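Undergrad: Please find the sequence and the predicted model below.
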Amino acid sequence: MASKQSKRKRPSKDKHVLKERVKLESEVFDRYTLLILAKMIKKRIIQTVDYPVSTGKEANLFRATNYAGEYIAVKIYKIETAPFARKEEYLMGDPRFANIPNKEKDIVFAFAKKEYKNLKICEEAGVRSPEPLYIEKNVLVMEFLGEEGLPYPPMNMVGPKDEKQLEMILNDIKKMYNAGLVHADISEYNILVGDVPYLIDFGQAVVLGHPNAEKFLERDIWNLLKYFKKYGIKS
């Protein structure tokens, strides 16, 4: 009887897995995005897209490989289902994106391009963050942060380490500011913990010319200090 019951349960489990897969594919792998990925494969920028590392309302991050057999990360901004209307405030005052048409798809493309450009600024400033590799419409390719094919965990999963770790993050915030950039969304969810802490998710980062740049900077630092203080770590 036990084997018959397990056989009866299996279809419902398979149905649930299939439902989740269809949901993921419909939200992320729309026809337009599939064409972009095919174009990247043809250009030999990516070889495979393996599995989702993280999923969000606006974008999903996948582990992928290039033709050298190295792991890379592919971030796909959602076109059809992303709630980007409220994100326009992060584009205001940025001369790089002054003339974007007020259409959802164009805003999505702008955020992908914005993250690529912001990561370039971080790379040149020596900030610990993913190296940007390629951008095409709503698909961003960048360095994979992890070991042996496994991604580094976000800080909210493992907690902060010590005051030195905090000082490293504050120093990266200072480097960004000196390079004319504010992250605008630093939290334990946007810090990966490897041998050193890495800042991620730069789509909402703003240049100093943004009207709320200083307010965002203060919020970043306050959130960071408040989180570390919960664990008895002060600066």
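TA: Now that the structure is in, tell me what you want to look at.
Undergrad: Would you mind measuring from the residue nearest to Q204 when sequence neighbours are not counted to E115?
TA: Excluding its sequence neighbours, the residue lying closest to Q204 (CB to CB, 6 or more residues apart in numbering) is Y90, at 4.5 Å. Where you see a C-beta, it was placed from the backbone N, CA and C, and this is true even at glycine. Computed as CB to CB, to the nearest Å, the Y90 to E115 distance reads 11 Å.
Undergrad: next one: F144
TA: Taking CB to CB, one finds F144 at 16 Å from E115.
Undergrad: about what we covered before: mind listing the shared neighbours of Y90 and E115?
TA: Here Y90 and E115 share the contacting residues 203, 205, scored by CB atoms under 8 Å, 6 or more residues apart in numbering.
Undergrad: list the contacts for the spatially most central residue of the chain?
TA: Nearest to the geometric centre of the chain sits D201, at 3.9 Å (CA atoms, centre = their mean). By CB under 8 Å, 6+ apart, the contact set of D201 is 115, 185, 190.
Undergrad: Need the three-state assignment for it.
TA: coil (DSSP: H, G, I helix; E, B strand; the rest coil).
Undergrad: Which residue ranges of this protein form strands?
TA: All strands of the chain, identified by DSSP state E, fall at 48-55, 59-65, 71-77, 132-136, 139-143, 146-147, 150-151, 181-182, 191-193, 197-199, 206-207.
Undergrad: quick one, which of the ones you listed is nearest to E163?
TA: The minimum distance between E163 and the strands of the chain falls on strand 197-199, with 12.4 Å, by CB to CB.
Undergrad: Listing partners with orientation, what would you give for the closest one?
TA: Paired strands of strand 197-199, with direction, are strand 191-193 (antiparallel) (DSSP bridges).
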